[in-house]
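Asker: Please work out how this folds:
(4 chains)
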2 protein chains.
Amino acid sequence: MATIQDVAREAGVSTATVSRVFSAPELVLEPTRQKVMEAVHRLGYEPNFAAKSLRTLRTEKILVTVPDISNPFFSQVIRGVEEAALAAGYSVLLGDTRHEEAREEQYALMFRRKEADGLIFLGHRLPDVLAEMLAAKGPRTPIVNGCEFRPGLAVSSAHIDNERAAAEVMDHLYGLGHVRIGVVTGPLASPISSDRLAGVLSAAQRHGRTSALRMAIGDFSIESGARQAAELLDEPGRPTAIFCFSDEMAMGAMEAIRQRSLDCPRDISLVGFDDIRFAEYLHPKLTTVRQPKEQIGHEVVRLLLDILAGRSTALQNITLPHQLVVRDSTAAPLG
Amino acid sequence: MATIQDVAREAGVSTATVSRVFSAPELVLEPTRQKVMEAVHRLGYEPNFAAKSLRTLRTEKILVTVPDISNPFFSQVIRGVEEAALAAGYSVLLGDTRHEEAREEQYALMFRRKEADGLIFLGHRLPDVLAEMLAAKGPRTPIVNGCEFRPGLAVSSAHIDNERAAAEVMDHLYGLGHVRIGVVTGPLASPISSDRLAGVLSAAQRHGRTSALRMAIGDFSIESGARQAAELLDEPGRPTAIFCFSDEMAMGAMEAIRQRSLDCPRDISLVGFDDIRFAEYLHPKLTTVRQPKEQIGHEVVRLLLDILAGRSTALQNITLPHQLVVRDSTAAPLG
DNA sequence: CGCTCCAATGTAATCGAATTCATCGATAAC
DNA sequence: GTTATCGATGAATTCGATTACATTGGAGCG
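Answerer: Below is the predicted model of the structure:
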C-alpha cells in the first residue's frame, strides 16, 4: 500500500501538501491539487487510518453496546445509530454484551483504550470504568445512554416516558372494562421495567384496582413471556388482560394463551411494548406501545456528537414521543 | 491519559520493558514486572490503541457488512460473528448496507484504508474495490463471505446447501400431496435465491409438476411476502401451498392468507426459510428450513482468522448442515 | 582468571500522517 | 524602489507504542 511519502514523491510535492489536499483543499492551488490527485489515483493511495488516528487522537468510531443484538427492538435502534453515525462520518463498533456484566466491562476498557471516540450504551448498567471516567471528566465525557434513563446516572440519554406509556396502556385496558390485569415485567433492576411498573401502579391506583393487579417478573425473552403468562393464567382469579413489557414476551404470552385453548382477545386481552416490526403481523395483531426506535438511535448519536464537538456542557435527558397502537389483541372482557 | 513514557519513568525502567510486560511478560523479571504493574495502576495507564496499531499494522477489528441488521436472520449470524471474534480478541465493526451498493462501496473503502484487519460480507455483491484487492492478493486477502456462496466469487465462504434445502421443502410438500405450489423467491441476483430456485425446479421436475409451479419474486421483506403471496392466491388455479424464501415473507404470506379468510394449513400450506427465533411462535407455528445462524457466524470468523494467521492458502467454501423443521403450517391439501 | 554466553534491560529507529513553523515569491503599499 | 503582507509550499517535529539491536552483568566453564 502506498504511503503519503510515495504520493508526495510521485507528484513532486511535499507530504504536507498531499495531506492538505485531503484535509484542507482550499489551502492548495488547483493545479497542485490535480497533480496530487493524479498521483493518488495512479498509486491507489488511501490514507492509513492508524497513523491519522495517532496524530489526531480521533478514531471516528462510536462504540455501541447492546444487551442483545438479536432482539429486533435493539437492532432497530442500532440501525438508527448506524445511519446517523455514518452521516456524520463515524462508523459503529458493535458490542453485544449478552446481558453479561463481564462483557460490558470488556467493552468499557476498549473505550478507555481510546478505540472509539464515544460510547453509547443501551443497557442499564454503567460499568465501573465508565463511572470513573465520568467522575473525572463530568458531563463532557462522551458517553450517552439510550432507552434506559435513570436520574442518578450522570450521562445524557434519549428515551421515551416509560411511566406514562405504561399508564396509558393500563388506562386503555381499564377503559375497555378490564379489572383483573396481569403484568409481566422485565428485570426490576432496569429503569425500563421499574418506570413502567410505576406507571402501571399509578394507573391502577387511579382506577382503584390495585388489589386486582397480578405481577410476574420476566426477562424480556419470548420464553419468559410464555412462562410468566402461564403462571398468571393458571392462578385462581385469572386475569382478563395481560400487559407484557416487551413484544417478545407478548409473543410468548400468546402462545401460553393458545395452549390453554383460550382466545385472544375474546378471553384474554394482550398488550406488548416496543412495536417491533413483527407486532402487526402476529395473529391477532398486537396492541402495543410504539417506541421511536430509529429516532432514539438518531438522538443518542446527536447527543454524543454534541459532546464530541464541545457544543454541549450540561447533561441532556431527552424524552421522545411514544404512541399507544391499538390493534386486535385487546377488546372488552366477556360478560 | 498516561503514556508508556510516563509509566516507564514512574517505574524507573525503559519503555521497552513496559511494552514487554504487556506483550511478552516471560521476558521480564518478576520484580520488574511488579514494579511496572504498580506504576500502571497508579497512573491508570492503558496502551494507546492507534499507536499500537500504527506500529503493528493490525487493528484487531473485523468489519462485517450486512444488508439489513434489523432482519433477525442476519442479527443472529452477527451474534455468532461477534462471539467468535471476541473470543479471538477481535472486535466487530458493523456496516449496515441497507441493500445499497453505495454503502457497500463505502465500507469497502473503509476496509482498504485498513480500518479493519478483515472483512466479512453477508450480502451477495462484491464491491469493485474488493474485487481489485482480491485480484491483487489472491486467496490470502482477508475477505470472507457468509450465506451467499457463488462459485465465481474468489472468496472463502460458509453457507448451507440452499439448493438441496429448497428441494427438500418441495419434496415435503409433494409428499403431502400438493400439486399446485406457489413460490415466493428473493431477488434473483442473489445466489441465495437462484440456488433455492434451482432446488425448487429440480424437485418439481423430479415429481413431474413443473407446469403446476407458480412463481413470484419478492425481496425478503414481510411486505413483499404479503404482496407476492396475495398475487399467487388471487390467480385462477390457486396453489394449495406456498413456499417463501424467508420466514419474514412467510409472515407476510400468512397475513395475506388470513385476509382472504383462508386457513393455514387447512386451505393453504406455508413454508418459510431461515427458522428465525419467531417462527415457532407464529400461529400456526411455521414449517421452515433451519439455518445454523450462529454457526455460520462462527465459521466465517474461523475462515477469516485462518487467512489472517497465514494458515490457509486455498479458498474454502464450507457447507453447513441445514434442517427442515416441520411444524403446523403444512398439511395435506383438502380433498 | 579470563572468556563465552545468556538473560534482562535499555537505546533508538520506526510506523504514516498531521501540523507548526519557516521559506519563498509575488503583490501591494508607501 | 524598498518593505510589509500574504498565499502557497516545504522541512521537520510529533503522536505513542513496538522491536531490532546494543549493552550490561553475572553464571558457567576450562
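
Asker: any chance you could map the helices in the stretch 51-200 of chain A?
Answerer: For the stretch 51-200 of chain A, applying DSSP state H, counting those that start in this stretch gives helices covering A:72-87, A:101-112, A:128-137, A:162-176, A:191-206.

Asker: Ok, which of those comes nearest residue B:29?
Answerer: Proximity to residue B:29 (Cβ to Cβ) singles out helix A:101-112 among these, at 26.7 Å. Using the backbone N, CA and C atoms, a C-beta is placed for each residue, glycine as well.

Asker: follow-up on the earlier one: can you lay out the helices of the stretch 51-200 of chain A as TSV showing mean pLDDT and mean neighbour count?
Answerer: Listed next are those as TSV, based on pLDDT from 0 to 100; neighbours: other Cβ atoms under 10 Å in any protein chain shown:
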stretch	mean pLDDT	mean neighbour count
helix A:72-87	95	23
helix A:101-112	92	19
helix A:128-137	89	15
helix A:162-176	98	21
helix A:191-206	97	20
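
Asker: lowest average confidence, helix or strand, in chain A?
Answerer: Ranked by mean pLDDT, DSSP states H and E, the weakest helix or strand in chain A is helix A:128-137, scoring a mean of 89.

Asker: Which elements pack onto that helix?
Answerer: Under the contact definition 3 or more Cβ pairs under 8 Å, 6 or more residues apart in numbering or on different chains; DSSP states H and E, helix A:128-137 sits against helix A:101-112, strand A:143-146.

Asker: Give me every residue in chain A that's in contact range of DNA strand D.
Answerer: Residues of chain A that fall close to DNA strand D, judged by Cβ under 7 Å from any atom of the strand: A:12-17, A:20, A:27-29, A:31-32, A:51, A:54-55, A:57.

Asker: Helices of the stretch 201-335 of chain A, start to end?
Answerer: A:222-234, A:247-259, A:293-308.

Asker: so where is the stretch 151-300 of chain A shaky, pLDDT-wise?
Answerer: Across the stretch 151-300 of chain A, nothing is flagged by pLDDT under 70.

Asker: re the thing from before, take the helices of the stretch 51-200 of chain A and write them to a markdown table, including distance to DNA strand C.
Answerer: Shown next, in a markdown table, are these (distance: least, Cβ to the nearest atom of the strand, whole Å):
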| stretch | distance to DNA strand C |
| --- | --- |
| helix A:72-87 | 19 |
| helix A:101-112 | 21 |
| helix A:128-137 | 21 |
| helix A:162-176 | 42 |
| helix A:191-206 | 40 |
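
Asker: The ones you listed: which one's closest to residue B:210?
Answerer: Distance to residue B:210, taken as Cβ to Cβ, is lowest for helix A:72-87 among these, at 37.7 Å.

Asker: Quick one: residues contacting the residue nearest to residue A:295 when sequence neighbours are not counted.
Answerer: Counting by Cβ to Cβ, 6 or more residues apart in numbering or on different chains, the nearest residue to residue A:295 once its immediate chain neighbours are dropped is residue A:320, at 5.8 Å. With contact taken as Cβ atoms under 8 Å, 6 or more residues apart in numbering or on different chains, residue A:320 is in contact with A:158, A:159, A:160, A:291, A:292, A:295, A:296, A:299.

Asker: Mind doing that once more with 10 Å?
Answerer: Residue A:320 makes contact with A:147, A:158, A:159, A:160, A:161, A:291, A:292, A:293, A:295, A:296, A:298, A:299, according to Cβ atoms under 10 Å, 6 or more residues apart in numbering or on different chains.

Asker: same check, this time on residue A:227
Answerer: By Cβ under 10 Å, 6+ apart, the contact set of residue A:227 is A:184, A:216, A:218, A:219, A:221, A:249, A:252, A:253, A:256.

Asker: returning to what we had before: and the helices of the stretch 201-335 of chain A, which is most packed in?
Answerer: Each of these was scored by mean neighbour count; the highest is helix A:247-259, a mean of 25, by mean count of other Cβ atoms under 10 Å in any protein chain shown.

Asker: Dump the C-alpha coordinates for that helix into PDB.
Answerer: Taking Å, rounded to 0.1, in the frame of the first residue of the first chain, the C-alpha atoms of helix A:247-259 are listed here in PDB:
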ATOM      1  CA  ASP A 247     -43.500  -7.500  22.300                       C
ATOM      2  CA  GLU A 248     -41.400 -10.600  22.500                       C
ATOM      3  CA  MET A 249     -42.800 -11.600  25.900                       C
ATOM      4  CA  ALA A 250     -46.200 -10.900  24.400                       C
ATOM      5  CA  MET A 251     -45.500 -13.400  21.700                       C
ATOM      6  CA  GLY A 252     -44.700 -15.900  24.400                       C
ATOM      7  CA  ALA A 253     -47.900 -15.000  26.200                       C
ATOM      8  CA  MET A 254     -49.900 -15.500  23.000                       C
ATOM      9  CA  GLU A 255     -48.600 -19.000  22.900                       C
ATOM     10  CA  ALA A 256     -49.500 -19.700  26.500                       C
ATOM     11  CA  ILE A 257     -53.000 -18.400  25.900                       C
ATOM     12  CA  ARG A 258     -53.400 -20.700  22.900                       C
ATOM     13  CA  GLN A 259     -52.000 -23.700  24.700                       C
END
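
Asker: That helix near chain B anywhere?
Answerer: Yes - for helix A:247-259, a contact with chain B is found by Cβ under 10 Å from any Cβ of the partner chain, at A:248, A:250, A:251, A:252, A:254, A:255, A:258.

Asker: How far off centre is that helix?
Answerer: Between the centre of helix A:247-259 and the centre of its chain there are 24 Å (Cα atoms, centre = their mean, to the nearest Å).

Asker: hang on, the earlier thing: name the nearest of the contacts of residue A:227 relative to chain B.
Answerer: Each of the contacts of residue A:227 was checked against chain B using Cβ to the nearest Cβ; the closest is residue A:252, at 6.8 Å.

Asker: Farthest-apart pair in the contacts of residue A:320, please.
Answerer: A:161 and A:298 (18.0 Å).

Asker: returning to that earlier point: between the residues of helix A:247-259 next to chain B, which is nearest residue B:152?
Answerer: Using Cβ to Cβ, these come closest to residue B:152 at residue A:248, 40.1 Å.

Asker: Stretch A:21-37 and chain B, any residue contact?
Answerer: No - applying Cβ under 10 Å from any Cβ, one finds stretch A:21-37 separated from chain B by no less than 11.7 Å.

Asker: Do that stretch and DNA strand C come into contact?
Answerer: Yes - Stretch A:21-37 is in contact with DNA strand C by Cβ under 7 Å from any atom of the strand, via A:22, A:23.

Asker: list the buried ones in that stretch?
Answerer: Buried positions in stretch A:21-37, judged by neighbour count with 16 or more other Cβ atoms under 10 Å in any protein chain shown: A:21, A:28, A:32, A:33, A:35, A:36, A:37.

Asker: Give me the contacts around that stretch.
Answerer: With contact meaning Cβ under 10 Å, 6+ apart, stretch A:21-37 is reached by A:4, A:7-8, A:10-13, A:16-20, A:39-40, A:45, A:47, A:52, A:56.

Asker: Among those, which are located in helices?
Answerer: Using DSSP state H, A:4, A:7-8, A:10-11, A:16-20, A:39-40, A:52, A:56 are the members of these that sit in helices.

Asker: roughly how far apart are the residue nearest to residue A:295 and residue A:285?
Answerer: Distance, residue A:320 to residue A:285, using Cβ to Cβ, to the nearest Å: 24 Å.

Asker: mind giving me CSV with the helices and strands packed on helix A:128-137 and columns for distance to residue A:172?
Answerer: What follows is those, written out as CSV (distance: least, Cβ to Cβ, whole Å):
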stretch, distance to residue A:172
helix A:101-112, 35
strand A:143-146, 26
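
Asker: The ones you listed: which one's closest to residue B:167?
Answerer: When these are compared (using Cβ to Cβ), the closest one is helix A:101-112, at 40.6 Å.

Asker: any idea how far DNA strand C is from residue A:254?
Answerer: Residue A:254 sits 54 Å away from DNA strand C, going by Cβ to the nearest atom of the strand, to the nearest Å.

Asker: Quick check, that residue in contact with residue A:287.
Answerer: No - the criterion here is Cβ atoms under 10 Å, and residue A:254 misses it with residue A:287 at 11.7 Å.

Asker: Done for today, thanks.
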